[in-house]
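> sequence and computational prediction follow.
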Amino acid sequence: MAFLACVIGVIGWFRPVSAPPPTDPAPTYTAAEVQAAKDKVCDAFELVDKALRITTNADGGEDVALRQALAANARLALVASAQSLKGSSTSASPPSLAETVADFESSAIDLALRYLAGGSREDSELLQAKATTEALAGELRADCG
(Lines give C-alpha, C1' and ligand atoms only; values in the text may rest on other atoms or scores of the structure.)
Protein backbone atom coordinates (compact mmCIF):
# COMPACT_ATOMS: atom_id res chain seq x y z
CA MET A 1 0.00 0.00 0.00
CA ALA A 2 2.83 2.38 0.87
CA PHE A 3 4.60 1.49 -2.36
CA LEU A 4 1.46 2.34 -4.36
CA ALA A 5 1.17 5.67 -2.55
CA CYS A 6 4.80 6.47 -3.40
CA VAL A 7 4.26 5.61 -7.09
CA ILE A 8 1.20 7.85 -7.26
CA GLY A 9 3.12 10.62 -5.49
CA VAL A 10 6.02 10.38 -7.96
CA ILE A 11 3.64 10.44 -10.91
CA GLY A 12 1.91 13.47 -9.46
CA TRP A 13 5.27 15.16 -8.92
CA PHE A 14 6.13 14.99 -12.64
CA ARG A 15 2.66 15.68 -13.95
CA PRO A 16 2.45 19.22 -15.28
CA VAL A 17 0.25 21.53 -13.34
CA SER A 18 -2.24 23.22 -15.60
CA ALA A 19 -3.20 26.69 -14.65
CA PRO A 20 -6.65 27.90 -15.63
CA PRO A 21 -6.53 29.90 -18.84
CA PRO A 22 -6.44 33.63 -18.28
CA THR A 23 -9.77 35.29 -18.75
CA ASP A 24 -9.87 38.52 -20.64
CA PRO A 25 -12.22 41.07 -19.20
CA ALA A 26 -15.17 41.94 -21.39
CA PRO A 27 -14.40 44.96 -23.55
CA THR A 28 -16.02 48.19 -22.57
CA TYR A 29 -17.33 50.76 -24.99
CA THR A 30 -18.05 54.43 -24.70
CA ALA A 31 -21.59 55.69 -25.15
CA ALA A 32 -20.56 57.11 -28.52
CA GLU A 33 -19.22 53.74 -29.68
CA VAL A 34 -22.41 51.98 -28.60
CA GLN A 35 -24.53 54.61 -30.35
CA ALA A 36 -22.45 54.31 -33.53
CA ALA A 37 -22.88 50.51 -33.47
CA LYS A 38 -26.62 50.89 -32.93
CA ASP A 39 -26.83 53.42 -35.78
CA LYS A 40 -25.02 50.98 -38.09
CA VAL A 41 -27.52 48.22 -37.28
CA CYS A 42 -30.49 50.57 -37.59
CA ASP A 43 -29.30 51.98 -40.92
CA ALA A 44 -28.94 48.44 -42.27
CA PHE A 45 -32.35 47.47 -40.94
CA GLU A 46 -33.98 50.57 -42.43
CA LEU A 47 -32.88 49.46 -45.89
CA VAL A 48 -33.92 45.85 -45.17
CA ASP A 49 -37.31 46.97 -43.92
CA LYS A 50 -37.89 49.11 -47.01
CA ALA A 51 -36.89 46.28 -49.35
CA LEU A 52 -39.14 43.80 -47.57
CA ARG A 53 -42.12 46.16 -47.51
CA ILE A 54 -41.81 46.89 -51.23
CA THR A 55 -41.24 43.32 -52.37
CA THR A 56 -43.76 41.60 -50.13
CA ASN A 57 -46.56 44.06 -50.83
CA ALA A 58 -46.23 44.14 -54.62
CA ASP A 59 -49.44 43.14 -56.39
CA GLY A 60 -49.29 41.09 -59.55
CA GLY A 61 -53.00 41.33 -60.24
CA GLU A 62 -54.40 38.48 -62.30
CA ASP A 63 -51.15 37.80 -64.18
CA VAL A 64 -49.91 34.43 -62.87
CA ALA A 65 -46.40 34.86 -64.26
CA LEU A 66 -46.07 38.31 -62.70
CA ARG A 67 -47.34 37.02 -59.33
CA GLN A 68 -44.76 34.20 -59.45
CA ALA A 69 -41.99 36.68 -60.33
CA LEU A 70 -43.02 38.98 -57.47
CA ALA A 71 -43.10 36.03 -55.07
CA ALA A 72 -39.59 35.01 -56.15
CA ASN A 73 -38.44 38.59 -55.66
CA ALA A 74 -39.89 38.61 -52.13
CA ARG A 75 -38.05 35.37 -51.29
CA LEU A 76 -34.85 36.85 -52.63
CA ALA A 77 -35.43 39.95 -50.50
CA LEU A 78 -35.76 37.77 -47.38
CA VAL A 79 -32.44 36.05 -48.04
CA ALA A 80 -30.65 39.26 -49.03
CA SER A 81 -32.04 41.00 -45.95
CA ALA A 82 -30.74 38.32 -43.61
CA GLN A 83 -27.34 38.42 -45.29
CA SER A 84 -27.23 42.22 -45.20
CA LEU A 85 -27.95 42.35 -41.49
CA LYS A 86 -25.37 39.66 -40.69
CA GLY A 87 -22.47 42.09 -40.87
CA SER A 88 -24.20 45.05 -39.29
CA SER A 89 -23.97 44.01 -35.64
CA THR A 90 -20.67 44.34 -33.79
CA SER A 91 -19.51 43.63 -30.26
CA ALA A 92 -20.26 47.27 -29.41
CA SER A 93 -23.92 46.84 -30.41
CA PRO A 94 -26.38 46.81 -27.53
CA PRO A 95 -26.77 43.12 -26.60
CA SER A 96 -30.57 43.08 -26.85
CA LEU A 97 -30.43 44.69 -30.31
CA ALA A 98 -27.74 42.25 -31.49
CA GLU A 99 -29.83 39.33 -30.25
CA THR A 100 -32.94 40.59 -32.04
CA VAL A 101 -30.94 41.05 -35.26
CA ALA A 102 -29.58 37.49 -35.01
CA ASP A 103 -33.08 36.15 -34.38
CA PHE A 104 -34.44 38.14 -37.34
CA GLU A 105 -31.69 36.80 -39.62
CA SER A 106 -32.50 33.19 -38.70
CA SER A 107 -36.23 33.76 -38.96
CA ALA A 108 -35.99 35.44 -42.38
CA ILE A 109 -33.91 32.57 -43.77
CA ASP A 110 -36.33 30.03 -42.28
CA LEU A 111 -39.28 31.85 -43.84
CA ALA A 112 -37.60 32.07 -47.25
CA LEU A 113 -36.80 28.36 -47.16
CA ARG A 114 -40.36 27.46 -46.21
CA TYR A 115 -41.64 29.50 -49.16
CA LEU A 116 -39.08 27.92 -51.48
CA ALA A 117 -40.10 24.46 -50.24
CA GLY A 118 -43.62 25.13 -51.51
CA GLY A 119 -45.24 26.40 -48.34
CA SER A 120 -48.67 27.91 -48.79
CA ARG A 121 -51.00 30.17 -46.86
CA GLU A 122 -52.54 27.08 -45.26
CA ASP A 123 -49.19 25.83 -43.92
CA SER A 124 -49.19 26.42 -40.16
CA GLU A 125 -45.38 26.25 -39.87
CA LEU A 126 -45.00 28.83 -42.62
CA LEU A 127 -47.58 31.07 -40.97
CA GLN A 128 -45.73 30.76 -37.65
CA ALA A 129 -42.40 31.59 -39.33
CA LYS A 130 -44.01 34.61 -41.02
CA ALA A 131 -45.51 35.82 -37.73
CA THR A 132 -42.16 35.42 -35.97
CA THR A 133 -40.32 37.33 -38.69
CA GLU A 134 -42.89 40.12 -38.65
CA ALA A 135 -42.76 40.34 -34.84
CA LEU A 136 -38.96 40.56 -34.88
CA ALA A 137 -39.12 43.25 -37.58
CA GLY A 138 -41.53 45.14 -35.34
CA GLU A 139 -39.08 44.87 -32.43
CA LEU A 140 -36.27 46.20 -34.61
CA ARG A 141 -38.47 49.09 -35.82
CA ALA A 142 -39.24 49.95 -32.19
CA ASP A 143 -35.58 49.69 -31.11
CA CYS A 144 -34.42 51.83 -34.00
CA GLY A 145 -37.31 54.28 -34.02
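Ah, there it is.

> center of the protein, which residue is that?
With distances taken as CA atoms, centre = their mean, the residue of the chain nearest its centroid is Ala102 (1.7 Å).

> okay, and it sits in which element?
Using DSSP states H and E, Ala102 falls within helix 95-116.

> contacts for that helix, please.
Contact with helix 95-116 is made by 38, 41, 45, 71, 74-75, 78-79, 81-82, 85-86, 88-89, 93, 123, 125-126, 129-130, 132-133, 136-137, 139-140, 143, as judged by CB atoms under 8 Å, 6 or more residues apart in numbering. Heads up, the C-betas are built off the backbone N, CA and C, glycines and all.

> swap the cut-off to 6 Å and go again
By CB atoms under 6 Å, 6 or more residues apart in numbering, the surrounding residues in contact with helix 95-116 are 41, 75, 78-79, 81-82, 85-86, 89, 126, 129-130, 132-133, 136, 139-140, 143.

> buried residues, the helix ranked longest in the chain. List them.
Across the chain, the longest stretch assigned as helix under DSSP state H is helix 31-56. Under the neighbour-count criterion of 16 or more other CB atoms under 10 Å, helix 31-56 has 34, 37-38, 40-42, 44-45, 48-49, 51-52, 55-56 buried.

> show me where pLDDT drops low in this protein?
4, 6-20 (pLDDT under 70).

> on that earlier part again, show me which of the contacts of helix 95-116 are buried.
With burial judged by 16+ other CB under 10 Å, the buried subset of those is 41, 75, 78, 81-82, 85, 89, 126, 129-130, 132-133, 136, 139-140, 143.

> between these, which is nearest Asp24?
Using CB to CB, Ser89 is the member of those that lies nearest Asp24, at 20.3 Å.

> skip the chain neighbours and tell me the closest residue to the closest one.
Nearest non-adjacent residue to Ser89, counting by CB to CB, 6 or more residues apart in numbering: Ala98, 4.5 Å away.

> that neighbour and Asp24, how far apart?
Here the criterion is CB to CB, to the nearest Å. By it, Ala98 lies 19 Å from Asp24.

> compare these two and say which one has the larger neighbour count.
A count of neighbours by other CB atoms under 10 Å puts Ala98 above the other of Ala98 and Asp24, at 18 against 6.
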